[in-house]
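J.: here is my input; please provide its structure:
(chains A and B)
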Amino acid sequence: MINKKLILFFAFIIILILLPFVISGYWLRVLTQTFLFGAIATGSNIIIGFTGYPAFGNIAFFGVGAYVTGVLTTKYNMPFFATLPFCALSGIIISSLLGIPILRLKGHYFAIATVGVMETIKELVDNMTELTGGGLGLTLPIMHGEPEYIYKFFYFVMLGVMLFSLLILFIVSKIKQGYALRAIRVDEDAASVMGINTPLYKTFAWAVSAALVGITGGVYAYWLSYIDPHTVFGGTYPVKMFAMILLGGGTTVIGPMLGAFILELISEIVWSKFIAIHGMVLGLLIIFIILFLPKGIFETFKGGFSFKKLFSNLRENRL
Amino acid sequence: MAILEAKNVAKSYGGLKVLTDVNFEVNEGEIVGIIGPNGAGKTTFMNLISRLTPITGGVITYKGEIINEKKPHEIAKMGIARTFQVVKPFGGLTVLENVMVGAFYGKNNAKSKSEAVTIAEEALQIVGLVDVKDKDPRILPLAKRKKLEVARALAMGPDLLLLDEVMAGLSTRELDDMMAEIIKLKQKGITIIAIEHVMKAIMGISDRIVVLHLGKKIAEGKPELIVQNPDVIEAYLGSKYAKKE
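T.: Numbers count the residues shown, from 1 in each chain, chains lettered A, B, ... in the order given. So this is what the prediction gives:
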């Protein structure tokens, strides 16, 4: 069974690697955007799905990563790839410092606190005009080359970042720290009396998530070559990220990435055809997921699709 | 020799006194039962030992060391393990993986996955859950989930095991089975403090019983003497019946 899953996964990756040679620029861009969300959802899933801490404002580190790459490439002429470790590092430092007080909160309180963090960093970036360009945004050096080459370059870099995030999540799921995180998600008190240093492990989980989302932000900044605080710190990113994790299933390794694929591709089709109702469809989809698929599409339909499973979830939600 | 000592232990939430001046010792290798009506402060006392709740007054000493200011994970590493009244297995992990968490992070401190698996399988063997080791614990019946709690605690390699109502809700047969297992643990040299409402069980396994009522210790002694103690009868059945005795 595991082998069958592995074969399917690698076949999927090979298709993704071969696709740029047969599809057009528009679809390359759509898929790059999908990988971006796949990377954000997968990276954030370490704190959100595995540890059970709904870091709604985890996008703060996406913005931080974007600005780290932006500032280092424009002000310090650093090559793009060299900026990525700094994106990860800045995420680790900020999440570790903030994690000590904020990770004492649970559930909704923690989620709201992370939104507070996101808004605070956004305001700081907005007001550090000399360094960040403030509300006017920051224009990054444009990559030289044929448009075709640039499209493919970012396609593969973003695919790489998403697969890297997936690899890290897979490793975390297999090591003893991964067991500790999942124990914390179910019952933090039980985890702590079993010898797990819960504050330390929660901070570790948030730091890894922040680092991965930070790297994704760095790639995003160089890809679009223009960033501003209102786009990279918020927008629809947190809602989409959460919907993807919920749809795919936060307890699985691959779920958030597949959730990103399903949602982003549906979103793209709806967007291009019915621009006015895009937000409404996204909202309805989230409500549907929460009511009918609270454990995610893959966990719910493990043994095969059935309407009965959908409605039993609805009953469990006591509605 | 006393492995655990509680001296004038008190716990209050604001003006509400949950425990007042509780004193007792637990000797190495014995089973001490804690009983008392609902709201007596039994689970609170256990939470104070495992440091899930900060202590308001008094001193708790484990192996000669004051543990008042220790963190729960430090307590676990010192060799104190516990189970919970409300059984909550770690969903998303198999039965074996649930127990491996104990092996990795308790006093046993397994360094590798294979070591953790060995310890966990041994613990599952003791409680008789090896045949369901690859199952999702959420689908197990209550009796098996309670055993899983015990196995998780055992995999930590405890010297002192705190059992919080592991026998509540079990059938007569399951109860006998669990009692036999607890006695087996004692024979392995593990000291046990057990909170229980099932009198048949607690009287059957305990060397000594401590009775709490409204946050105070009202009696302590051998099980056969405790059942005749007028204060205990009054606490459980009211003064009318106590006087009759």
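J.: just for chain B, where's the confidence low?
T.: For chain B, applying pLDDT under 70 flags the ranges B:241-245.
J.: can you give me the neighbour number for residue B:65?
T.: Residues near residue B:65, counting by other C-beta atoms under 10 Å in any protein chain shown, number 9. (Glycine included, C-beta is placed from N, CA and C.)
J.: where in the stretch 101-250 of chain A is pLDDT low?
T.: For the stretch 101-250 of chain A (pLDDT under 70), the answer is none.
J.: in it, what residue lies closest to chain B?
T.: residue A:195 (3.4 Å; C-beta to the nearest C-beta).
J.: check which helices and strands whichever helix or strand residue A:212 is part of sits against.
T.: Assigned by DSSP states H and E, residue A:212 belongs to helix A:198-224. Applying 3 or more C-beta pairs under 8 Å, 6 or more residues apart in numbering or on different chains; DSSP states H and E, we find helix A:198-224 packed against helix A:25-45, helix A:59-75, helix A:80-102, helix A:147-174, helix A:176-186, helix A:188-193, helix A:229-232.
J.: now the last one, how far from the centre of its chain.
T.: Meaning helix A:229-232. 16 Å (C-alpha atoms, centre = their mean, to the nearest Å).
J.: for it, which positions count as buried?
T.: Using 16 or more other C-beta atoms under 10 Å in any protein chain shown as the test for burial, helix A:229-232 gives A:229, A:232.
J.: ok, and what's touching that helix?
T.: Outside helix A:229-232, the residues within contact range by C-beta atoms under 8 Å, 6 or more residues apart in numbering or on different chains are A:59, A:62-63, A:66-67, A:122, A:125-126, A:132, A:134-135, A:137, A:217, A:220-221.
J.: dump it to CSV, restricted to CA.
T.: C-alpha atoms of helix A:229-232 as CSV (Å, rounded to 0.1, in the frame of the first residue of the first chain):
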residue,chain,number,x,y,z
PRO,A,229,3.3,45.5,3.0
HIS,A,230,-0.4,45.2,2.3
THR,A,231,0.1,42.4,-0.1
VAL,A,232,2.7,40.3,1.6
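J.: dump the residue contacts of the spatially most central residue of chain A.
T.: Among the residues of chain A, residue A:40 comes closest to the average C-alpha position under C-alpha atoms, centre = their mean, at 1.5 Å. Neighbour list for residue A:40: A:58, A:59, A:62, A:213, A:216, A:237, A:241, A:260 [criterion: C-beta under 8 Å, 6+ apart].
J.: for those residues, give me a markdown table that also has distance to residue B:188 and neighbour count.
T.: Below are the contacts of residue A:40 laid out as a markdown table (distance: C-beta to C-beta, whole Å; neighbours: other C-beta atoms under 10 Å in any protein chain shown):
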| residue | distance to residue B:188 | neighbour count |
| --- | --- | --- |
| A:58 | 46 | 33 |
| A:59 | 52 | 30 |
| A:62 | 52 | 33 |
| A:213 | 48 | 34 |
| A:216 | 51 | 33 |
| A:237 | 54 | 21 |
| A:241 | 49 | 27 |
| A:260 | 50 | 29 |
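J.: in a markdown table: the residues you listed, plus distance to residue A:162.
T.: Formatted as a markdown table, the contacts of residue A:40 follow (distance: C-beta to C-beta, whole Å):
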| residue | distance to residue A:162 |
| --- | --- |
| A:58 | 16 |
| A:59 | 16 |
| A:62 | 14 |
| A:213 | 12 |
| A:216 | 8 |
| A:237 | 15 |
| A:241 | 13 |
| A:260 | 8 |
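J.: thinking again about what came up before, for the residue of the stretch 101-250 of chain A closest to chain B, give me its contacts.
T.: Contacts of residue A:195 (C-beta under 8 Å, 6+ apart): B:73, B:76, B:77, B:102, B:104, B:105, B:106, B:107, B:109, B:156.
J.: could you pick out which of the residues you listed are near chain A?
T.: With the criterion set as C-beta under 8 Å from any C-beta of the partner chain, the members of the contacts of residue A:195 near chain A are B:73, B:76, B:77, B:102, B:104, B:105, B:106, B:107, B:109, B:156.
J.: mind listing which of those are in helices?
T.: Counting by DSSP state H, the ones next to chain A among the contacts of residue A:195 place B:73, B:76, B:77, B:102, B:104, B:105 in helices.
J.: what's the closest of those residues to residue A:177?
T.: Relative to residue A:177, the closest of those is residue B:104; by C-beta to C-beta it sits at 9.1 Å.
J.: could you find the closest non-adjacent residue to that closest one?
T.: Nearest-residue entry for residue B:104: residue A:176, 4.5 Å, with adjacent residues in sequence omitted and distances by C-beta to C-beta, 6 or more residues apart in numbering or on different chains.
J.: quick check: the one you found vs residue B:132, distance?
T.: Shown here: residue A:176 relative to residue B:132, a distance of 22 Å by C-beta to C-beta, to the nearest Å.
J.: also residue A:303?
T.: Counting by C-beta to C-beta, the gap from residue A:303 to residue B:132 is 19 Å.
J.: and stretch A:135-143, how far from the chain's centre?
T.: Per C-alpha atoms, centre = their mean, the centroid offset for stretch A:135-143 relative to its chain is 23 Å.
J.: now the terminal residues of it, how far apart.
T.: One end of stretch A:135-143 to the other measures 24 Å (C-alpha to C-alpha, to the nearest Å).
J.: can you check stretch A:15-30 too?
T.: 16 Å.
J.: ok, residues contacting that stretch?
T.: Contacts of stretch A:15-30 (C-beta under 8 Å, 6+ apart): A:31, A:147, A:148, A:151, A:152, A:155, A:156, A:159, A:264, A:265, A:268.
J.: how far away is the fifth one from residue B:76?
T.: To tie it back to what came earlier, the one meant is residue A:152. In terms of C-beta to C-beta, residue A:152 sits 52 Å off from residue B:76.
J.: the two: which is more packed in?
T.: residue B:76 (30 against 17).
J.: ok, and the closest non-adjacent residue to the more buried one?
T.: The shortest distance from residue B:76 to any non-neighbouring residue, by C-beta to C-beta, 6+ apart, is to residue A:195 (3.5 Å).
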